[in-house]
Every structure is written in C-alpha cells, then in structure tokens.
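A.B. asks: Sequence plus the predicted model coming up.
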Amino acid sequence: MTTVSPVEHLYLHFPYCTGRCGYCAFHSGPPPRDWAAALAALQQEAETRGVPLAPLQTLYCGGGTPGLIGAAGFRALAERLHLPLTATTEWTVELHPATVTDDLMTTLAACGVNRISIGVQSLFDPVLERCNRRHTAQEALDAIACARQCIPDTGIDLIAGLPGVSADGWRDTLKRILDLDLPHLSVYALSIDEGSAWARAGMAPPDGDALCDAIAEAASLLTAAGYERYETSNYAKPGFRCRHNLNTWHGGDYLGLGTGAASRLGRLRREGDGHEMLVSELDDALERCLTRLRLSEGLDLTAIAQHYPLLRPYLTAWKNILHLFQQQGLLTANAAPTMRGYEVLDALERTLIEATL
C-alpha cells in the first residue's frame, strides 16, 4: 500500500439487516450473535490496514443497520476502538426506525454521537410493506421524536418514485415532513439495484419524467421552507450540512472499515468487496474535482487549477463547456446545477471528462 497521510474522516460499516428491502442489493447479512467478536474484527482490520488516524473531523456509522448492535454494542465500540474523537467531531449514526429506543438514544448521546440519520423512505404503510421496510409510518414518526429528544440534529431519508405513491401522495408526504422542522433531509431518486428482489422480479424502473417531477416538487417545497439544496439529494437548514459527505464531494480522503466499506487514500481505492487498485494521477484528479459539480457552491475552475495542476491544460475547454451549459440553463453563473441541470448531471460530468481524453 502506498504511504498515506493520517486521515480525518472515518466510515464504519455495519453490514447487518433483519431483512432486505425490495430495491436494495447492498452487501448485508443477519446480525452476528457475538458483538464483541464483530467489534474485535473491526479493530483487527484497522490494525491490519495500518492507516494512521488524525483527530477525527467526522465519524460515520452506516449500513446496513448500525442500530442492530444496540446500546451495549455502541458502548463497547466507544470503549474498545479508542478512536481519536474530539469535541468538534461530527459523529453520525444511521438508524432504521425499528431500532430506535430510549436506551439506544441515551447511550449514543453519552458516547458522543451528535448526528442521526433515520431511513424513513415513505409515510404510506402499504408502500413500506411492499418495500419490505419492516416498520410503519407511525413507527418512523415515533422514532424521529425519540431520537430528537437526545440528539436534536436528527434528519431523515426519503425515496422519490416508490411504486404506489401518487403525485398528490408525494406532496402530502413532503408537507407532513416539513411540519417536523428537521435540520436535514435527504431525498433520493428510486433506483432498483441489480440483484435486488425487485430487479429479479423484473420490476421496471420508475418513469423518468414522473421521477424528475417528484424530485423537482421536493426541491421547490423544501427550498421554500428554508432548506438549502446544497447537494443533488441533500437539503439542510443553515449550519446542518453533513460534513462527512461534504468531505467526499470536495474530493477528500476517507477510510472505510468493515465488510462492504470503500476507502479513498491518496491514489489508492478500496472497493466494498475489498478489491484495491491504484488509479492514475489524472483519474484521481478527475474523480476528486468533478463531484464538486454536485454542490450548490459550483465548480470553481480557479480553485481546480490551484489544487489539481494536472488538469490545467483542460480548463480552457472546460470553461467553454461550462459557458455553453450556462447558456442552456443547466448551470448557474457560478457553475452550480440549476433544477434542469440536476436532472442531467451525469451527462454534464461525462462531457467534461470527454474533454480530457
């Protein structure tokens, strides 16, 4: 492995679920019987990988369903892994509504967790059942209330385009969520993963126009309510952006531990299946800078020239391309996506990449 600087952003993956959602093919399995052994495996992986940790700016526990390790598991994690946390570390834990309890939330707050993301996805019970979400709409709302009592920075995920949700039903969901006045919301477009139950059953993906309309409806209602769409799928009240994900979109390094976790360390990439590869300097620079196009702050070519000298020969062509996109109403004056631009963001990125070939 190449020598890397100490990393400040850590992702811990907990690949455990009590069931598989219909659209999902992420790596996951049943909860282990021995949580001590599971945490010991995380610690052993950290030691084997040998990646030094600086005082952490962010720690993100994702899954799967991290809440399945319970209060005792998180107490053990905080005590045994000896992670270099500070008073300003953003520590996020993803939670499934069915795992949220008073005991768990009290424990998480005591351990230093200060940010929660709850997977709600829908507020219609028939839709949740069809998705195999294993919770009801009321249980999701109860989980949100429980979590916020201990950790006020509690946000949720929603999925647009789920089968069985009409345009009126989607609008109603958004309005009900807005009444909660949460600090952070993620609104993802439904994708049916290859290998998922829905894909194996031959379920067609959602209609593209209807999906774009649903995403646009969310953007309109949320921004009118004071949320900033600071990234393609993420909305936050002032001061509540997710710092962990911003590091990734800004091109920063991060270490992932746990089965299914990816890492970016210098030019080294580690995929969720454990495969490692060393990418070229050009591919590294492109990967790190083009994700900035997803952000409301836009693509700053002057900053790119400073941070990625290898890309300087292409920036005149990029400037012309960005100008064309702006004329077409796809980008703002600071090269951030407009509503239309978000809908064709992948095509915008491909056009810039093709200009480097």
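C.D. replies: Received the coordinates, thanks. Numbers count the residues shown, from 1 in each chain.
A.B. asks: Which residues belonging to stretch 335-343 are considered buried?
C.D. replies: Residues 335-337, 341-343 are the ones in stretch 335-343 that count as buried (16 or more other Cβ atoms under 10 Å). The way it works is simple: take the backbone N, C-alpha and C, and place the C-beta from them, glycine included.
A.B. asks: do stretch 132-145 as well
C.D. replies: When neighbours are counted by 16+ other Cβ under 10 Å, the buried residues of stretch 132-145 are found to be 133-137, 139-141, 143-144.
A.B. asks: Which of those residues fall within helices?
C.D. replies: Judged by DSSP state H, the subset of the buried residues of stretch 132-145 located in helices is 137, 139-141, 143-144.
A.B. asks: what's Phe26 sitting at in phi/psi?
C.D. replies: Comment: the main-chain dihedrals of Phe26 come out as phi -60, psi 150, following degrees, to the nearest 10.
A.B. asks: gap between it and Asp153?
C.D. replies: The spacing between Phe26 and Asp153, counted by Cβ to Cβ, to the nearest Å, is 25 Å.
A.B. asks: got it, and Arg350?
C.D. replies: When Cβ to Cβ is applied, the distance between Arg350 and Asp153 equals 36 Å.
A.B. asks: How about Pro84?
C.D. replies: In this structure, Pro84 and Asp153 are separated by 21 Å, where distance is defined by Cβ to Cβ.
A.B. asks: same check, this time on Ala78
C.D. replies: For Ala78, the distance to Asp153 (Cβ to Cβ) stands at 18 Å.
A.B. asks: Kindly report the same for Glu217.
C.D. replies: Relative to Asp153, Glu217 is positioned 26 Å away (criterion: Cβ to Cβ).
A.B. asks: could you pull out the helices for the stretch 101-250 of the chain?
C.D. replies: Listed in chain order, the helices of the stretch 101-250 of the chain (DSSP state H, counting those that start in this stretch) span 102-111, 125-131, 137-150, 167-178, 197-200, 208-224, 243-249.
A.B. asks: what's the shortest one in contact with?
C.D. replies: Spelled out, it's helix 197-200. Taking Cβ atoms under 8 Å, 6 or more residues apart in numbering as the criterion, the residues outside helix 197-200 that touch it are 20, 22-23, 25, 132, 192-193.
A.B. asks: and with 10 Å instead?
C.D. replies: With Cβ atoms under 10 Å, 6 or more residues apart in numbering as the test, helix 197-200 has contacts from 20-25, 130-132, 163, 190-194, 203-205.
A.B. asks: And for the last one?
C.D. replies: By Cβ under 10 Å, 6+ apart, the residues outside helix 243-249 that reach it are 7-11, 56-60, 62, 88-92, 115, 186, 230-234, 242, 252-254, 262, 264, 288, 290-295, 297.
A.B. asks: Quick check on those: which are buried?
C.D. replies: Of the members of these, the ones counted as buried by neighbours, 16+ other Cβ under 10 Å, are 7-11, 56-60, 62, 89-92, 115, 186, 230-234, 242, 252-254, 262, 264, 288, 290-295, 297.
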